[in-house]
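Novice: Coordinates only, no sequence provided:
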């Protein structure tokens, strides 16, 4: 079984996600106590996809995260660099235009999308700044970005309890439900090393996004960042 290291070598991360593709959605549901469904509803609402808009769903995995956008009548491109995830997604949703692509060098022309979004995937990219610039590049002027990512609880007592869960409780639970529990040890470590909410907002601004804002979900376990590409 493969476990990625925190230097996030692309081949290691892709191979790790290949290993967990079959049970990935179910495992996330169990480990988040069902909260991942709520978080994804919040993403869909924040993106606000409209009929005939083009939406890029980056790090889409099996394509589950793309389904809410298709229901609005938008044209959605689910993109991921794990071929194992994409193969599993093609079995489940053969009609989706699942596309292989690296967040740091996206296979799309400038200004291709009205909205771009990535949920629980930016943390796994080796060069975050470059990925944010790429998302900016492929977005139309006036378009929007929505990033949903694990973050850091804002209240100190809750933060302590949460970090204890990540490092002590999550790995044993993962061993019970996942085909590659070591992947979820990496998950816990990568969450702890991820930037604070305000720091990620600054990275978005540095990449060219304007009107950057964020709000916390589940007490800061997850943060939803938004931005706009200037006209």
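Specialist: Received, thanks. Because the structure is a prediction, the values reported are computed rather than measured.

Novice: Run through the strands of the chain in chain order.
Specialist: 54-58, 75-80, 99-100, 113-119, 139-150, 210-217, 222-228 (DSSP state E).

Novice: Rebuild these as JSON lines, extending it with mean neighbour count.
Specialist: Every C-beta, even on glycine, is put in place using the N, C-alpha and C of the backbone. Shown next, in JSON lines, are those (neighbours: other Cβ atoms under 10 Å):
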{"stretch": "strand 54-58", "mean neighbour count": "26"}
{"stretch": "strand 75-80", "mean neighbour count": "24"}
{"stretch": "strand 99-100", "mean neighbour count": "15"}
{"stretch": "strand 113-119", "mean neighbour count": "26"}
{"stretch": "strand 139-150", "mean neighbour count": "21"}
{"stretch": "strand 210-217", "mean neighbour count": "14"}
{"stretch": "strand 222-228", "mean neighbour count": "22"}
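
Novice: Those into JSON lines, with extra columns for distance to residue 133?
Specialist: As requested, the strands of the chain are arranged in JSON lines below (distance: least, Cβ to Cβ, whole Å):
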{"stretch": "strand 54-58", "distance to residue 133": "13"}
{"stretch": "strand 75-80", "distance to residue 133": "16"}
{"stretch": "strand 99-100", "distance to residue 133": "19"}
{"stretch": "strand 113-119", "distance to residue 133": "12"}
{"stretch": "strand 139-150", "distance to residue 133": "11"}
{"stretch": "strand 210-217", "distance to residue 133": "14"}
{"stretch": "strand 222-228", "distance to residue 133": "12"}
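
Novice: what's the closest of the ones you listed to residue 186?
Specialist: Closest to residue 186 of these is strand 139-150 (Cβ to Cβ; 12.5 Å).
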